[in-house]
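Undergrad: I'll drop the sequence and a predicted model, then ask my questions.
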Amino acid sequence: MTPRRTVVSDSRFRNQEANVKDYFEEIARTFDSYYREDADTKGLVGRMAHRFFRRPGLACRFDATFRLLKDIRGKHILDVGCGSGVYAIEIARRGGSVTGVDVASEMIELSRENASRAGMAQNCTFVQMDLIEFCDSTKSFDAVIAIGLFDYIKPDKQKLVLDRLFSVSTGDVVVAFPKKWVPGALARKLWFFHKKLDVYYFTRSRIRKLCQGSGRAVEYVNCGPLWCVRFYRDSF
Ligand SMILES: C[S@@+](CC[C@H](N)C(=O)[O-])C[C@H]1O[C@@H](n2cnc3c(N)ncnc32)[C@H](O)[C@@H]1O
């Protein structure tokens, strides 16, 4: 009799999508606080990591995103993985209208609260849905942003997701990609491993590969630990 082989695999990562949703449901309010002065960071290491890595990255990608989007007055923008609505509210403030979509219901609830508090609710719509489902069921937008999303998309789905974003934009697509070779990347990976999540990093050649065949020109803004990338509708 041939002995049966037992394959031992780590079931923790079997369902990255479900784990991502659970994670962001749980940390929605903490995540929202990262944009404020009184960020909810725990312990000395947490405070240091926030001060030296997270906060500068968040500030730089926020500025870079709006620099890349240029004038958005009168435009209708899709914010994919909108989180607690920080970008969506700024789009509304700058005269655009926005649809934010996020898989985590807590994030959507917070987005609505934050948009009301900011007096921007009338120009913001928030939808709780997985992005693929949403993109398959929607009409198109003047531009699409996806900030802090690709960190959690499995490599075998990254091209599909980017193609879907292109498919619902009649204009540009702006995406933030965390860099692979930066201080803090390994520590972050280990932190997420402990949270049963995988986090993915990018090189410029990986980003180029993802948009191969789209014919789009690409502009990079260097934001320290991440790239803010504008995929133009047309090639130059
Ligand atoms: C790191 S947060 C970024 C939030 C916001 N864009 C920002 O930068 O403040 C990533 C967000 O993407 C959402 N997300 C992850 N996978 C998603 C998916 N497949 N469909 C929709 N939202 C998703 C998460 O729920 C989370 O709120």
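TA: Cool, the structure landed.
Undergrad: and the helix or strand bottoming out on mean pLDDT in the chain, which residues are buried?
TA: Lowest mean confidence among the helices and strands of the chain (mean pLDDT, DSSP states H and E): helix 43-49, at a mean of 85. Of the residues in helix 43-49, those buried under the neighbour-count criterion (16 or more other Cβ atoms under 10 Å) are residue 49. In short, each C-beta sits where N, CA and C put it, glycine included.
Undergrad: helix, strand, or coil at residue 198?
TA: The local conformation at residue 198, judged by DSSP: H, G, I helix; E, B strand; the rest coil, is coil.
Undergrad: got a list of what the closest residue to residue 162 other than its chain neighbours touches?
TA: When the adjacent residues along the chain are set aside, residue 162 lies closest to residue 210, with 5.2 Å between them (Cβ to Cβ, 6 or more residues apart in numbering). Applying Cβ atoms under 8 Å, 6 or more residues apart in numbering, one finds that residue 210 lies in contact with 158-159, 162.
Undergrad: mind running it again at 10 Å?
TA: If you count contacts by Cβ atoms under 10 Å, 6 or more residues apart in numbering, residue 210 has them with 150, 155, 158-163, 175, 177, 202, 218, 229, 231.
Undergrad: read off the pLDDT value for it.
TA: At residue 210 the predicted local confidence, pLDDT, stands at 94.
Undergrad: residue 7 now?
TA: In the predicted model, residue 7 carries a pLDDT score of 43.
Undergrad: kindly report the same for residue 214.
TA: pLDDT, residue 214: 84.
Undergrad: in CSV, list the contacts of residue 210 along with neighbour count.
TA: Shown next, in CSV, are the contacts of residue 210 (neighbours: other Cβ atoms under 10 Å):
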residue, neighbour count
150, 24
155, 11
158, 18
159, 16
160, 13
161, 21
162, 21
163, 14
175, 26
177, 26
202, 22
218, 16
229, 23
231, 22
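Undergrad: thought residue 41 was touching residue 52?
TA: No. Residue 41 sits out of contact with residue 52 when judged by Cβ atoms under 10 Å, with a separation of 11.5 Å.
Undergrad: so which bits of stretch 119-134 are buried?
TA: Along stretch 119-134, these residues count as buried under the neighbour rule (16+ other Cβ under 10 Å): 120-121, 123-128, 131, 134.
Undergrad: what residues are up against the residue in the chain that the ligand sits nearest to?
TA: Taking Cβ to the nearest ligand atom as the measure, the chain has residue 83 as its residue closest to the ligand, at 2.4 Å. With contacts defined as Cβ under 10 Å, 6+ apart, the neighbours of residue 83 are 24, 28, 31-32, 34-35, 100, 102, 104, 107-108, 110-111, 114, 147-149.
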